[in-house]
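Asker: with the sequence up front, the predicted model follows.
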2 protein chains.
Amino acid sequence: MRRDVFQAISDPTRRAIISLIALHAMTPNALAAHFDTSRQAVSKHLRILTECQLVKQHFQGREIYYQLEVSKMKEIDKWLEQFRKIWEQRFNELDSVLLTLKNKENES
Amino acid sequence: MRRDVFQAISDPTRRAIISLIALHAMTPNALAAHFDTSRQAVSKHLRILTECQLVKQHFQGREIYYQLEVSKMKEIDKWLEQFRKIWEQRFNELDSVLLTLKNKENES
DNA sequence: TATATTTGCAACTGATTGGTTTCATAAATA
DNA sequence: TATTTATGAAACCAATCAGTTGCAAATATA
């Protein structure tokens, strides 16, 4: 059973859940109201999200509120870092090409 | 067949491929040398990456070079944007709490 | 106390996944 | 020309996935 942040966000329903609970905690029932699938299906998604620590639950009577562990999202951000460097570099290269062209223009 | 960037990066082998070709284009054979799996398995991953336009192929004789479409990675970055706002906000809230404490300290 | 509500868990199901082996095609090379 | 090399595609397989239905447990309410 692979269970990491990347696998967690691969499912569109789970991405929607993540977005919904990002601002304030929600119960499984309240969440399920936003989807076409059953309450149990949403519960299963929540279990997966909990297992990879993207979500934290806090109990209040018989209700369970699920809240996003925003800091865990940084793991994705961290992985993206390597590419961010590349796309900035590519942009700078394009920049210097334009600069070279401009200089040549001035010389002639 | 769901085929989007998020599903593409959910597989660890595919993430490794993406990282490898990020800097310079590589052939399937050269890529396969980095993994325990067969050349065909890598080829299948490359097809998935191509289908969701994360990768571009350019032909050179009988060899096919695969290159990362870095700009496509920005789609993930874009989705992360909403959470980046939240974790910055949380940080600022913490900041103002600390500031309030400090002010109270000065008053007394 | 009896009933309704909120929830997680287990069993099942069809679809998808990541891998394999086998084959066909096209380009390079002996 | 015959052979080797680089590649994609098809057929198959076991494991996993996302969904379902049905059930048990615990809390709230009548």
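Answerer: Sure, I can see it.
Asker: does the residue nearest in space to the middle of chain A lie in a helix or a strand, and which?
Answerer: Against the mean C-alpha coordinate of chain A, by Cα atoms, centre = their mean, the closest residue is A:Met73 at 5.6 Å. Secondary structure from DSSP states H and E places A:Met73 in helix A:70-107.
Asker: what of A:Thr50?
Answerer: Under the criterion of DSSP H and E, A:Thr50 resides in helix A:39-51.
Asker: who does that helix touch, helix- and strand-wise?
Answerer: Using 3 or more Cβ pairs under 8 Å, 6 or more residues apart in numbering or on different chains; DSSP states H and E, the elements in contact with helix A:39-51 are helix A:12-23, helix A:28-32, strand A:55-60, strand A:63-68. Bear in mind the C-beta positions are built from the backbone N, C-alpha and C, glycine included.
Asker: on that earlier part again, which residues touch the residue lying closest to the residue nearest to the centre of chain A once chain neighbours are set aside?
Answerer: Excluding the flanking residues, the one nearest A:Met73 by Cβ to Cβ, 6 or more residues apart in numbering or on different chains is B:Phe83, at 4.6 Å. B:Phe83 makes contacts with A:22, A:68, A:70, A:73, as judged by Cβ atoms under 8 Å, 6 or more residues apart in numbering or on different chains.
Asker: 10 Å instead?
Answerer: Counting by Cβ atoms under 10 Å, 6 or more residues apart in numbering or on different chains, B:Phe83 touches A:18-19, A:22, A:68, A:70-74, A:76-77.
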